[in-house]
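Q: please work out how this folds:
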Amino acid sequence: MGAARQSWLLFAVPTSLVGVACGWALAQPEDPSPSSAVRALCLVLGSVVLGLAALGWCSRADSRPLLRDQRLWRLSTAVAGAWMLAEAVLLSMTAAEADALGLSELSVGRFGAYVTEISAGRVDLAVLVCTAAATVWSAVAFRRSDARLPVPVLVLAALALVARPITGHMSQQVLGSVLDVVHALSAAVWFGLLAALALMLRSRGDWSSWLPRYSVVAWRCVWLLTATGVIDAAVRLGGVTPLFDTGYGRIVLAKAVALAALLGLGWWWRRTWVVQAAAHRITAEGSLRRAIVEVVVMAVPFGLAAALATTA
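A: Numbers count the residues shown, from 1 in each chain. Alright, predicted model coming up:
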């Protein structure tokens, strides 16, 4: 039953696409790139890889560290491999979009020029290399217990997730790149670590140990995410009117509404679910069900973020 319920986490994929669709609708008459749908998938998968590695690292001092569990590395290999494939598709799509071509019209020469002569192409290629390296390391760790070190995967996933934001429009502002790094990693840890818990934890005792620890990390991530998001939006928009008059501003508002809803849900979980789990008053199935609900809902703002990143 646990494995069947864990498969419900896959619903995070369509809900992230719902976020992308909402972003496209709000951006009109501006046109977000069609590649934003694949970008949303990359964000979701990358965050899960980061979350699995972070979970392994956080458990290093436990009596039974999760980083020694073969399941963690099997999952990391599978998710990182899917992320690598999604990044390969995204790289091809962005290369075609750079020349205003359809994907089927992209030639090898134009693709080569994109990844060697254009900064965005070099960044995209670097991201793909990071995801490939994370996949290979996870696969080796799955086979060899002496290679089960989460730090390399943690670093590779973090680099891949921040590479695009750090070279975006905020990089031209003082401390802009730092704000974008904090924003991207806060979102990824908040989402990815909960997804990792849902994938790895099996017993009531596991949830009683890990959920309170996650709750502390999650709230810190939320406040960092909120603060950096507000600063980013204020710098980019320069006032209140563009929040309503531009596609970018309307997507920012939608992200704010989604974040407020998640804050409300998180506050309620902190008062009920976390307390019950810590006291062993809720079953593992009950905790898994709540985690899945939150992960699936959290994927919506990831889709909005992907649409926002490709909106003028």
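Q: which stretches of the stretch 151-300 of the chain have low pLDDT?
A: For the stretch 151-300 of the chain, the stretches with pLDDT under 70 are 168-174.
Q: which residue sits farthest out from the middle of the protein?
A: Distance to the chain centre peaks in the chain at Gly109, reaching 31.9 Å (criterion: Cα atoms, centre = their mean).
Q: in which helix or strand does it reside?
A: Taking DSSP states H and E as the definition, Gly109 sits inside helix 108-117.
Q: buried residues in the helix or strand where Met93 lies?
A: Assigned by DSSP H and E, Met93 belongs to helix 70-98. Within helix 70-98, the residues that count as buried by 16 or more other Cβ atoms under 10 Å are 72-73, 75-87, 90-98. From N, CA and C alone the C-beta is placed, and that goes for glycine too.
Q: now do the contacts for the residue nearest the centre of the chain.
A: For the chain, the residue sitting closest to the mean C-alpha position, by Cα atoms, centre = their mean, is Ser47 at 3.4 Å. By Cβ atoms under 8 Å, 6 or more residues apart in numbering, the residues touching Ser47 are 161, 187-189, 191-192, 195, 302.
Q: so the closest residue to Arg5 other than its chain neighbours versus Ala227, what's the distance?
A: Spatially, and ignoring its direct neighbours in sequence, Arg5 is nearest to Leu288 (5.5 Å; Cβ to Cβ, 6 or more residues apart in numbering). Look at Leu288 and Ala227: by Cβ to Cβ, to the nearest Å, they are 31 Å apart.
Q: those two: who's more crowded?
A: More crowded of Leu288 and Ala227, by other Cβ atoms under 10 Å: Leu288, with 22 against 14.
Q: now the more buried one: how far from Leu55?
A: Leu288 sits 15 Å away from Leu55, going by Cβ to Cβ.
Q: can you give me the helices for this structure?
A: In the chain, the helices defined using DSSP state H lie at 2-6, 12-27, 36-58, 70-98, 108-117, 119-143, 150-166, 176-200, 204-237, 242-245, 247-271, 273-278, 284-309.
Q: closest to Arg64 out of these?
A: Taking Cβ to Cβ, helix 204-237 is the member of those nearest to Arg64, at 9.8 Å.
Q: got the buried residues for that closest one?
A: The neighbour-count check on helix 204-237 (16+ other Cβ under 10 Å) flags 204, 206-208, 210-211, 214-215, 217-218, 221-222, 224-226, 228-229, 231-233, 236-237 as buried.
Q: now do stretch 300-312
A: Counting neighbours by 16+ other Cβ under 10 Å, stretch 300-312 gives 300-311 as buried.
Q: how far out from the middle of the chain is it?
A: Stretch 300-312 sits 12 Å away from the centroid of its parent chain (Cα atoms, centre = their mean, to the nearest Å).
Q: and it, C-alpha only, in CSV?
A: Taking Å, rounded to 0.1, in the frame of the first residue of the first chain, the C-alpha atoms of stretch 300-312 are listed here in CSV:
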residue,chain,number,x,y,z
VAL,A,300,1.7,24.6,-8.7
PRO,A,301,3.9,27.6,-7.8
PHE,A,302,6.8,25.8,-9.4
GLY,A,303,4.9,25.9,-12.6
LEU,A,304,4.2,29.6,-12.1
ALA,A,305,7.9,30.2,-11.4
ALA,A,306,8.8,28.4,-14.7
ALA,A,307,6.4,30.6,-16.6
LEU,A,308,7.6,33.7,-14.8
ALA,A,309,11.2,32.9,-15.8
THR,A,310,10.4,33.0,-19.5
THR,A,311,8.0,36.1,-19.4
ALA,A,312,9.4,39.4,-20.6
